[in-house]
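[1] Below is the sequence, then the predicted model.
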Amino acid sequence: MGTWKDHNAIQRIFNVFQKNKDRVYPQDIEALKHLNEIVEANAKETAVDNILFSKLLCCMMRYHVQYYGNIRDAKMQMAHDLKTNMDVHLFSLTKALNEADKIAFFNMINEEDVKQSQQAIIDKLNSNWSLSNVSKSFYKTCNDFIKDIENYG
């Protein structure tokens, strides 16, 4: 599988070859180019074999690059995100859903509604997405996407 580490390793060897041109044979350069092609082909094959992950990673990379303004920081944050335990992500998703739900609710009501529906507002503030429900819903959605993977061209 071709990784950025593989690419960097080949690039380092290529740079050494360039510095020592008088001691490097054309066959050595061709062999290195061939290895580089294999690494690149394997990287693409792995990404194509995992198309759903690849697309999601590309989307996340785009969002992170837009947020951080550079690829280095985006990759660092993505590495951190990918190493984070799934329970932490589900907990964060639960918090985000609860916040979005309450913001949407309060954006819908006006001042008269507040006076007339104090109990409804209290009920809304007390209602939450539970971690259990979010987890179940997330895994169902995830499985639905995986089952439909042929439609991700």
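    Ah, there it is.

[2] Just give me how far the lowest-mean-pLDDT helix or strand in the chain sits from the chain centre.
    One helix or strand of the chain scores below all others by mean pLDDT, DSSP states H and E: helix 111-116, with a mean of 70. With CA atoms, centre = their mean, to the nearest Å as the basis, helix 111-116 stands 42 Å off its chain's centre.

[3] again with stretch 86-100
    16 Å.

[4] Could I get the buried residue list for that stretch?
    Leu90, Leu93, Thr94, Leu97 (16 or more other CB atoms under 10 Å). Yep, even glycine has a C-beta here, placed from its N, CA and C like the rest.

[5] Repeat that for stretch 65-77.
    Applying 16+ other CB under 10 Å to stretch 65-77 flags Val65, Ala74, Gln77 as buried.

[6] centre of the chain versus that stretch, how much separation?
    12 Å.

[7] do you know how far the residue of the chain positioned farthest from its centre is from Lys102?
    Using CA atoms, centre = their mean, the residue of the chain lying farthest from its centre is Asp22. It sits 45.0 Å away. According to CB to CB, to the nearest Å, Asp22 stands 71 Å off from Lys102.

[8] Give me the residues contacting the helix or strand that the least confident helix or strand of the chain is followed by.
    Under the assignment DSSP states H and E, the closest C-terminal helix or strand after helix 111-116 is helix 118-126. The contact list for helix 118-126 (CB atoms under 8 Å, 6 or more residues apart in numbering) reads Lys102, Phe105, Ile109, Val114.

[9] same deal with stretch 136-152?
    Outside stretch 136-152, the residues touching it (CB under 8 Å, 6+ apart) are Ile51, Leu52, Lys55, Leu90, Leu93.

[10] So for that stretch, mean pLDDT?
    The predicted model gives stretch 136-152 an average pLDDT of 78.

[11] for stretch 24-41, same thing?
    82.

[12] Report pLDDT for Leu90.
    At Leu90, pLDDT is 94.

[13] Please apply the same query to Thr46.
    Per-residue confidence for Thr46 comes out at a pLDDT of 64.

[14] Then Met60?
    93.

[15] which ones are touching it?
    Met78, Asp81.

[16] Going along the chain, name the helices of this protein.
    Ranges of helices in the chain, per DSSP state H, are 4-19, 26-49, 51-68, 71-83, 86-108, 111-116, 118-126, 131-147.

[17] which other helices and strands contact the second one?
    Packing partners of helix 26-49 (3 or more CB pairs under 8 Å, 6 or more residues apart in numbering; DSSP states H and E): helix 4-19.
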